[in-house]
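> what follows is a predicted protein model with its sequence.
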Amino acid sequence: MHTGLRHIISIAFLFLGISTLHSQQPSVYRVTRLSFNDAVFSEISPVIVRDGIVFCSDRRFSSVRDRKSFEGNRIYNIYMATGKDTAEFHKPVMLRSERSELFNSGPLCIASDGKSVWFTSEVETGRITRKRTYRNHSGLFTAELNGNELVSLKPFPFNSNEYNIAQPSLSSNGRFLYFASDMPGGEGNSDIYYSELINGNWSKPVNMGPVINGPGIENFPFIHPSGRLYFSSDRPGGPGRLDVYYTSRSADGWYEPVLVAEPVNSPADDFAFVAGEDLQSGFFTSDRRINDDIYRFEIGRASCRERV
């Protein structure tokens, strides 16, 4: 991805062959490109749901209807793909909202109730957005999933016309909301922040500090029910441009992030990583085939291999 903007129980074994949080050993994966990826358009930001996955795509509405913003950029919308089995999916169905025609919807996350959705979209939707010189910014919105529609949209109270807030991830208890932002006062170009729900109100965003955030790009947080935090970063030391890292809480903050092994990470951009409850399988996004596509990973006993 080529943009600036890109929180269960303790388990007896650690993910991806890591013997401790401070050391990394080679891991064994099966990585598979999902069948619904489009050869021309992009698919990003998978979210695991009970019957499949939800994701974002800038694909056309139909063979005769394209979708672009007032600035001429392709618009992302939210889709759901239910699973035929562990490897195949039915044709994706778009989850529509009042923003579907003219504004982006997603990246997103879904609360543990399966109905409450947090998603990224433009802050300003008025007439001023029709001016090609107007620079809109991204913010977060909540909605309720009603069938194939997102309804009752409400903005996050800290959205701004001066900076971007995007790529939400909600803790399983609904108490903490993690996201990426380029708001002033951060460590770099884009940092990971969190906000806490206190007495029904979201607290002022808190920067997660220099252990997690650096001078470059940190984005696409995913908080696993175990408390492990995954995110992508362009910091030195990884094989690609954006690479996936993870960390967990320490006694006084967070442990130093650990690089997820190849082939999840690659020389390309790898981001928007999500994992199932047992941490043995999940999904991520990569542009290793030029366009952004969604891949499934599984931890297996065979040799490392990648099917594309």
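Received, thanks. Nothing here was measured: the structure is a model prediction, and the numbers come from that model.

> any idea how far stretch 132-143 is from the chain center?
17 Å (Cα atoms, centre = their mean, to the nearest Å).

> just stretch 44-56 next, same as before
Averaging C-alpha coordinates over stretch 44-56 and over its chain gives two centres that are 10 Å apart (Cα atoms, centre = their mean).

> repeat for stretch 276-285
Shown here is stretch 276-285, whose average C-alpha point lies 13 Å from the average C-alpha point of the whole chain (Cα atoms, centre = their mean).

> find the centremost residue of the chain, please.
Ranked by distance to the mean C-alpha position of the chain (Cα atoms, centre = their mean), the top residue is A272 at 3.8 Å.

> for L229, what are its contacts?
Contacts here follow Cβ atoms under 8 Å, 6 or more residues apart in numbering; on that basis L229 touches 7, 178, 192, 212, 221-223, 246-248, 254. C-betas here are computed from N, CA, C, even on glycine.

> of these, closest to A261?
Out of these, the one with the shortest distance to A261 is Y246. That distance is 11.1 Å, counting by Cβ to Cβ.

> run a quick neighbour tally on that closest one.
A count of nearby residues for Y246, using other Cβ atoms under 10 Å, gives 22.

> where's it, which helix or strand?
Secondary structure assigned from DSSP states H and E places Y246 in strand 243-247.

> that strand - contacts with which helices or strands?
For strand 243-247, the packing partners by 3 or more Cβ pairs under 8 Å, 6 or more residues apart in numbering; DSSP states H and E come out as strand 229-233, strand 258-259, strand 270-275.

> touching, the residue nearest to the centre of the chain and I44? I think so.
Yes. Between A272 and I44 there is a contact under Cβ atoms under 8 Å: 5.8 Å.

> sketch out the low-pLDDT regions of this protein for me.
1-27, 61-73, 84-87, 301-308 (pLDDT under 70).

> give me that answer again for 80
1-29, 60-73, 84-87, 129-134, 300-308 (pLDDT under 80).

> contacts only, for the residue nearest to the centre of the chain.
In this structure, A272 makes contact with 6, 44-46, 107, 167, 220, 222, 232, 284-285, judged by Cβ under 8 Å, 6+ apart.

> thinking again about what came up before, relative to E196, which of the helices and strands packed on strand 243-247 is closest?
The minimum distance between E196 and the helices and strands packed on strand 243-247 falls on strand 229-233, with 14.8 Å, by Cβ to Cβ.

> partners of the closest one in the sheet?
Applying DSSP bridges, strand 229-233 is found paired with strand 218-223 (antiparallel), strand 243-247 (antiparallel).

> mean neighbour count, those: which tops it?
Per-residue neighbour counts averaged over each of the strands paired with strand 229-233 give the maximum for strand 218-223, namely a mean of 26 (mean count of other Cβ atoms under 10 Å).

> pull the CA atoms of it into PDB?
The C-alpha coordinates for strand 218-223 follow below in PDB (Å, rounded to 0.1, in the frame of the first residue of the first chain):
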ATOM      1  CA  GLU A 218       3.100   3.100  12.000                       C
ATOM      2  CA  ASN A 219      -0.400   2.200  11.000                       C
ATOM      3  CA  PHE A 220      -3.100  -0.500  10.800                       C
ATOM      4  CA  PRO A 221      -3.300  -1.600  14.500                       C
ATOM      5  CA  PHE A 222      -5.100  -4.800  15.400                       C
ATOM      6  CA  ILE A 223      -5.700  -5.600  19.100                       C
END
